[in-house]
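**Student:** Could you work out the structure for the sequence below:
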Amino acid sequence: MGDLFWLTDEQMARLRPFSHRSHGKPRVDDRRVLSGIVFVNKNGMRWRDAPTAYGSHKTLHNRWKRWGEAGVFTRMMEGLAAKGAEPKTVMIDATYLKAHHTAWSLRVKQGGSGRLIGRTKGGMNTKLHAVADANDRPLSFFMSAGQVSDYTGAAALLDDMPKAQWLLGDRGYDAEWYRDALQAKGNQPCIPGRRSRNEPIRYDKRRYRRRSRIEIMFGRLKDWLRVATRYDRCPTAFFSAVALAATVIFWL
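**Tutor:** Numbering: from 1, shown residues only. Below you'll find the predicted structure:
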């Protein structure tokens, strides 16, 4: 029992406003079930191998699936981030998450939107695009196939990006349209120019060094085994795993 993970009463109180409302029959204890869901995702195990202290593995998986499809885990992260973020300086970056063959080996059903897995030099991957605050805490995510450009993630995250004094990004985000869009929001870009530019771009090199904090954030997310390696075929389920990890690591 000592090695198991348990959410505290205080943490449950912070999560409760974002949880799914129960209709009809009262559901199984939220603290026990959510703690079990966290344990399974953090340790990269199959649902059927969840410790019996968390109750039936079918209950854990059914709650995980139902709340994931309803966007509950995403709401938890975004809701807590909106309350606690310090957006004076924000950072943007992307990372690759290795897809296990169980996530991509079978054919996608016709009419589906795809699994958001693509082939890169490192194999089959999903790409996670993120915006984080100055304390290396994630504010929003966008998920794409591995081969998708950083520009696509930048455009997708633009509307939800908070107004900040500075936006730090590597030279992969050096595009005039993106710089103009940031300045229109009131965010000053601190982005080095691409080497192919005819004229160099001026940027605050001392401030830019802080961008490494978002890389630290990605590293902490990948401590959760079901994030570091994608086993889920369904992109919604995998995105829920990322959002849950971010919530527990950074916002509780």
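
**Student:** Pass me the low-pLDDT residue ranges in the stretch 1-150 of the chain, would you?
**Tutor:** 1-2, 22-26, 106-113 (pLDDT under 70).

**Student:** Tell me where it has strands.
**Tutor:** Ranges of strands within the stretch 1-150 of the chain are 89-99, 118-120, 123-133, 138-145, based on DSSP state E, counting those that start in this stretch.

**Student:** before we move on, what about the stretch 151-252 of the chain?
**Tutor:** If DSSP E, counting those that start in this stretch is used as the criterion, the strands of the stretch 151-252 of the chain fall at 166-168, 188-190, 229-230.

**Student:** Please render those strands as a markdown table that adds mean pLDDT to the earlier fields.
**Tutor:** What follows is the strands of the stretch 151-252 of the chain, written out as a markdown table (pLDDT from 0 to 100):
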| stretch | mean pLDDT |
| --- | --- |
| strand 166-168 | 95 |
| strand 188-190 | 95 |
| strand 229-230 | 95 |
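
**Student:** Can you say which of those strands is packed in most?
**Tutor:** Most buried of the strands of the stretch 151-252 of the chain, by mean neighbour count (mean count of other CB atoms under 10 Å): strand 166-168, with a mean of 23. C-beta here means a position set from N, CA and C on the backbone, and glycine is covered the same way.

**Student:** Note down every partner strand of that one and its orientation.
**Tutor:** Based on DSSP bridges, the strands next to strand 166-168 in the sheet, each with its direction, are strand 89-99 (parallel), strand 188-190 (parallel).

**Student:** for the strands of the stretch 1-150 of the chain, which one sits closest to R16?
**Tutor:** For those, distance to R16 was read as CB to CB. The smallest value, 21.3 Å, belongs to strand 138-145.

**Student:** Please name every helix or strand in contact with that closest one.
**Tutor:** In this structure, strand 138-145 packs against helix 72-84, strand 123-133, helix 150-158, helix 235-246, with contacts taken as 3 or more CB pairs under 8 Å, 6 or more residues apart in numbering; DSSP states H and E.

**Student:** Could you rerun that using 10 Å?
**Tutor:** The criterion is 3 or more CB pairs under 10 Å, 6 or more residues apart in numbering; DSSP states H and E, and the helices and strands that strand 138-145 contacts are helix 72-84, strand 89-99, strand 118-120, strand 123-133, helix 150-158, helix 212-221, helix 235-246.

**Student:** domain ranges for the protein?
**Tutor:** Here the domain parsing of the chain from automatic domain parsing is 9-70, 86-233.

**Student:** Turn the ones you listed into a markdown table, including distance to V242.
**Tutor:** As requested, the domains of the chain are arranged in a markdown table below (distance: least, CB to CB, whole Å):
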| stretch | distance to V242 |
| --- | --- |
| domain 9-70 | 10 |
| domain 86-233 | 6 |
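
**Student:** Those domains: which one's closest to L252?
**Tutor:** Nearest to L252 among these is domain 9-70 (4.7 Å), distances taken as CB to CB.

**Student:** The closest one: how far from the chain's middle?
**Tutor:** Per CA atoms, centre = their mean, to the nearest Å, the displacement of domain 9-70 from the mean C-alpha position of its chain is 19 Å.

**Student:** Between the two ends of that domain, how far is it?
**Tutor:** With CA to CA, to the nearest Å as the measure, the ends of domain 9-70 fall 24 Å from one another.

**Student:** Single out the most deeply packed of the strands paired with strand 166-168.
**Tutor:** A comparison of these by mean neighbour count, using mean count of other CB under 10 Å, puts strand 89-99 on top with a mean of 22.
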